[in-house]
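# pasting the sequence and the predicted coordinates here, then a few questions.
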Amino acid sequence: MVIVDKFTATSIDKMSKNNVGVKDELKASLKSNYCLRKMLDQMEDGLGADSWRRSQLDDIVWNSQHAKEPIKFWHRNIIECAKWLLRQPAYKEHLSYAPKQYYNDEGGRVYGEMHSGDWWWERQVTS
């Protein structure tokens, strides 16, 4: 089940009731928007609620209609977020920490992900 911005509570209730897009193992626990939100609130993200920072930009102009309105937003330290993501067991099989060169059947080099590029190879292998 994917929760998208501006998904209304009514549409989530309807999806839950009709079991649309809900995996079989989740059907029993996802009975309504309320139940889903309750489950999400119980999830621990590992960074903690105090890791959020509130900021404001005063010198950026949205457009001619909103020229004087400050932009207010919440953010987290990007390095701490990256560290947290790299520690997640769910991603273990999908992360690469060393460069690798891939070749197709004709012997031509294949570039796909960052670890298959020349830059990473040059930094870790030839240095």
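All right, it came through fine. In this text, all values refer to a predicted model and were calculated from it rather than measured experimentally.
# please name the nearest non-neighbouring residue to Trp52.
With sequence-adjacent residues excluded and distances taken as Cβ to Cβ, 6 or more residues apart in numbering, Trp52 is closest to Trp74, at 5.3 Å. C-beta here means a position set from N, CA and C on the backbone, and glycine is covered the same way.
# what helix or strand does the one you found sit in?
Using DSSP states H and E, Trp74 maps to strand 71-75.
# what mean pLDDT does the next helix or strand after that strand have?
From strand 71-75 onward toward the C-terminus, using DSSP H and E, the following helix or strand is helix 78-86. Confidence over helix 78-86 (mean pLDDT, whole number) is 89.
# check contacts around the residue nearest the centre of the chain.
Nearest residue to the geometric centre of the chain (Cα atoms, centre = their mean): Leu85, 8.9 Å. With contacts defined as Cβ atoms under 8 Å, 6 or more residues apart in numbering, Leu85 is in contact with Tyr91.
# now do the SS call for Ser11.
Under DSSP: H, G, I helix; E, B strand; the rest coil, Ser11 falls in the helix class.
# burial count for it?
Other residues within reach of Ser11, judged by other Cβ atoms under 10 Å, total 13.
# could you report the pLDDT at it?
In this model, Ser11 is scored at 72, pLDDT.
# so where do the strands sit in this protein?
Per DSSP state E, the chain carries strands over the ranges 53-57, 71-75, 102-103, 109-110.
# parallel or antiparallel, list what pairs with the first one.
For strand 53-57, the pairing partners within the sheet under DSSP bridges are strand 71-75 (antiparallel).
# the partner strand vs helix 78-86, what angle?
Angular relation of strand 71-75 and helix 78-86 on a 0 to 180 degree scale: 40 degrees, by axes from the mean of the first three to the mean of the last three Cα atoms, to 10 degrees.
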